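Trainee: Okay, sequence plus prediction incoming.
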Amino acid sequence: MKAARLLVRALADPPAADGLDAAGWTALIAAARGESLLGSLAFRLEGRAMPPAAAAILADERRDSARARTQALWEAEMARRALAPRAIPVVLLKGTAFAAAGLDAGIGRSIGDLDILVPRDRIDEAQDALLAAGWERLKADGSYDDLYYRRWMHELPPLIHKERDRMIDVHHTILPLTARPRPDAAALVADSVALPGGLRTLCPEDMVVHAAAHLFADGDLAGGLRNLWDIDRLVRQFDGAAFRARLAERMRRHQLGPAVARALRLGARLYGTPVDPALAGRPRLSDRLFEARLLARNGWGQEARPALRFAFYVRSHWLRMPPLMLARHLWVKATG
């Protein structure tokens, strides 16, 4: 946990990394790599004094991040071209959205698959267009996984491009249909922000809501420090009375007030995120448990505290579906 705490301190306050010894730099870089935050750290520490070996690693990471950003934006453009003839709006999500919009959250942000949001009533049409443009199914049509995605999840089964070997996840909302909160998917699309060139992103408030939803209302907190860093960067860039009022409204509309409030509290605790106490609410004893899970990483960048991680893994499935459905799903996955 010391390595993870060092990472959050270095991100929030770069001078905290000054004067680290070799072991400290090893722990910091390993934790950042484990949390997919090495690119963010590399840009935050750019220009600061450090050992030559650490400087070389971070310089390489800045170059890799720039290349990954270009590749991600090109993949987004390919999706736009595939869907444009059918006039299907393409709302970018997560890292690609931050990069395309030029947001602070996109600086050094690791970007994996392309995640997009389209209207639910056009989800099959979007898949047809992508298949025609060279993407292929990863899940066999009609298989258990395929049917599970289509019936209960918030996205299509993943697709991969047969030439570029790049994945795309096509969402129609931001939480599984079995989850207790029911975000207003139509509002996510309707209030999205147009970018030059025809792509779109969620509005800033919905970006914060989405990050909090993925972190606390759906996931097992794996990679949670990165999601919390996204929220910190977004809040710092857009903070103000108008933003806070709009965020309060979107939290209510998407039924994700508790998740966003917890994200704000933990962001303030770990990164010093400026938050409105009226939105964050009073600290809860359970916040300490969530913080412990977020920081569960040892000095070699490996995940630690397996019992705690397993508890949050079980929690993530419990949040996604009712008990009987969960039991059946786990049985099928275990015996399939």
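Mentor: Here it is on my side, so go on. The model shown is predicted, which means the values in this text are computed figures rather than measured ones.
Trainee: Residue 295 is in contact with residue 31, isn't it?
Mentor: No. Contact between residue 295 and residue 31 fails when scored by CB atoms under 8 Å: they sit 9.3 Å apart. In this view, the C-beta of every residue, glycine as well, is placed from N, C-alpha and C.
Trainee: Can you show me the helices along the stretch 51-200 of the chain?
Mentor: Secondary structure of the stretch 51-200 of the chain (DSSP state H, counting those that start in this stretch): helices at 52-83, 94-100, 123-132, 144-152, 185-190.
Trainee: Summarise which helices and strands the longest one is packed against.
Mentor: In this structure, helix 52-83 makes packing contacts with helix 22-34, helix 38-44, helix 94-100, strand 114-117, helix 123-132, judged by 3 or more CB pairs under 8 Å, 6 or more residues apart in numbering; DSSP states H and E.
Trainee: now what about the second one, what contacts it?
Mentor: Read it as helix 38-44. For helix 38-44, contacts defined as CB atoms under 8 Å, 6 or more residues apart in numbering pick out 7, 10-11, 14, 28-29, 32, 58-59, 61-62, 64-65, 68, 107-110, 226, 229.
Trainee: Equivalent analysis for stretch 190-202, please.
Mentor: So stretch 190-202 is contacted by 76-77, 80, 84, 89-93, 97, 100-101, 117, 188, 203, 206-207, 210 (CB under 8 Å, 6+ apart).
Trainee: 7 Å - rerun?
Mentor: 76, 80, 84, 89-93, 97, 100-101, 188, 203, 206, 210 (CB atoms under 7 Å, 6 or more residues apart in numbering).
Trainee: Also stretch 272-291?
Mentor: Contacts of stretch 272-291 (CB under 7 Å, 6+ apart): 12, 231-232, 235-236, 239, 244, 247-248, 261-262, 264-269.
Trainee: Ok, stretch 255-266 next?
Mentor: By CB under 7 Å, 6+ apart, stretch 255-266 touches 181-183, 208-209, 212-213, 215-217, 228, 231, 251, 273, 275, 279-281, 283, 287, 290-291.
Trainee: farthest-separated two in the contacts of stretch 190-202?
Mentor: Checked with CB to CB, the contacts of stretch 190-202 reach their widest spread between 84 and 210, with 23.9 Å between them.
Trainee: Show me which of the two is the more surrounded one.
Mentor: More crowded of residue 84 and residue 210, by other CB atoms under 10 Å: residue 210, with 28 against 13.
Trainee: hang on, that one packs against residue 174?
Mentor: Yes. Using CB atoms under 7 Å, residue 210 is in contact with residue 174, at 5.0 Å.
Trainee: Now tabulate the helices and strands packed on helix 52-83 in a markdown table and tack on mean pLDDT and distance to residue 3.
Mentor: Below are the helices and strands packed on helix 52-83 laid out as a markdown table (pLDDT from 0 to 100; distance: least, CB to CB, whole Å):
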| stretch | mean pLDDT | distance to residue 3 |
| --- | --- | --- |
| helix 22-34 | 95 | 4 |
| helix 38-44 | 98 | 12 |
| helix 94-100 | 98 | 23 |
| strand 114-117 | 97 | 29 |
| helix 123-132 | 95 | 40 |
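Trainee: Including distance to residue 311 and mean neighbour count, could those go into JSON lines?
Mentor: Compiled in JSON lines, these are given as follows (distance: least, CB to CB, whole Å; neighbours: other CB atoms under 10 Å):
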{"stretch": "helix 22-34", "distance to residue 311": "20", "mean neighbour count": "20"}
{"stretch": "helix 38-44", "distance to residue 311": "27", "mean neighbour count": "23"}
{"stretch": "helix 94-100", "distance to residue 311": "26", "mean neighbour count": "25"}
{"stretch": "strand 114-117", "distance to residue 311": "27", "mean neighbour count": "26"}
{"stretch": "helix 123-132", "distance to residue 311": "34", "mean neighbour count": "16"}
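Trainee: Include distance to residue 315 when you put the ones you listed into CSV, please.
Mentor: Formatted as CSV, the helices and strands packed on helix 52-83 follow (distance: least, CB to CB, whole Å):
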stretch, distance to residue 315
helix 22-34, 21
helix 38-44, 27
helix 94-100, 22
strand 114-117, 23
helix 123-132, 28
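Trainee: thinking again about what came up before, out of the contacts of stretch 272-291, which are buried?
Mentor: Those of those that meet the buried threshold are 12, 231-232, 235, 239, 244, 247-248, 261-262, 264-269, by 16 or more other CB atoms under 10 Å.
Trainee: Okay then, goodbye and thanks.
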